[in-house]
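Novice: no sequence on this one, just coordinates:
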């Protein structure tokens with residue numbers, strides 16, 4: 001199934017000069033959504049994963065579904081002051097600014113096998129920050145998983161050395 005046809009381009013969002021990839025049409029179509037989930041877990045069958053991270057906020061959509069399929073715990077990584085318990089944080093650069101992400105301090109135990117899932121790998125700043133959080137808590141990153149990759153932004157360079165899977169590449 002050609003999944004790219006379910007990704008809508010929105011120009012100048014969230015600010016002028018940015019081309020946003022809207023996944024709403026993909027989420028609306030149950031067949032495309034199931035096919036996407038199948039693709040996102042297709043190379044994980046033989047990997048030991050006991051925690052799946054979903055990165056705020058679009059990483060939550062498939063992250064929780066992946067965790068369910070893998071019978072793994074789900075960890076939301078969120079923007080500051082959105083998590084109710086004690087957290088650690090990491091800041092990062094975006095293609096249109098800077099931001100910070102947080103994770104609960106007890107979400108990952110030393111030796112946990114972690115899959116990081118987000119909707120898009122762009123400049124790699126978000127993924128790098130999440131990798132730092134996982135490693136600071138003692139987790140082992142099994143793979144960084146993305147619905148889409150904007151390869152022209154070279155985000156892989158920021159997480160070089162980590163296994164990476166992208167279902168769709170632009």
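Specialist: Arrived safely. All values derive from a computational prediction rather than experimental measurement. Residues are numbered from 1 along each chain as shown.
Novice: now the strands: where do they sit in this structure?
Specialist: 8-11, 19-22, 51-55, 73-77, 87-94, 97-104, 113-121, 140-149, 164-169 (DSSP state E).
Novice: State the mean pLDDT of the first one.
Specialist: The pLDDT scores in strand 8-11 average 97.
Novice: which residues of the chain score low on pLDDT?
Specialist: The chain contains residues with pLDDT under 70 at 94-97.
Novice: let's see 80
Specialist: Applying pLDDT under 80 to the chain flags residues 1, 93-97.
Novice: For residue 144, give its distance to residue 58.
Specialist: Residue 144 is 15 Å from residue 58, where distance means Cβ to Cβ, to the nearest Å. To be clear about C-beta, it is placed using only N, CA and C from the backbone, and glycine gets the same treatment.
Novice: One more: residue 169?
Specialist: Residue 169 is 17 Å from residue 58, by Cβ to Cβ.
Novice: And those two? Which one has more around it.
Specialist: A count of neighbours by other Cβ atoms under 10 Å puts residue 58 above the other of residue 169 and residue 58, at 20 against 12.
Novice: ok now do the more buried one, which residues does it touch?
Specialist: Shown in contact with residue 58 (Cβ atoms under 8 Å, 6 or more residues apart in numbering): 23, 118, 119, 120, 147.
Novice: who touches the third one in this structure?
Specialist: Taking Cβ under 8 Å, 6+ apart as the contact definition, residue 119 lies against 23, 55, 58, 59, 61, 62, 146, 147, 148.
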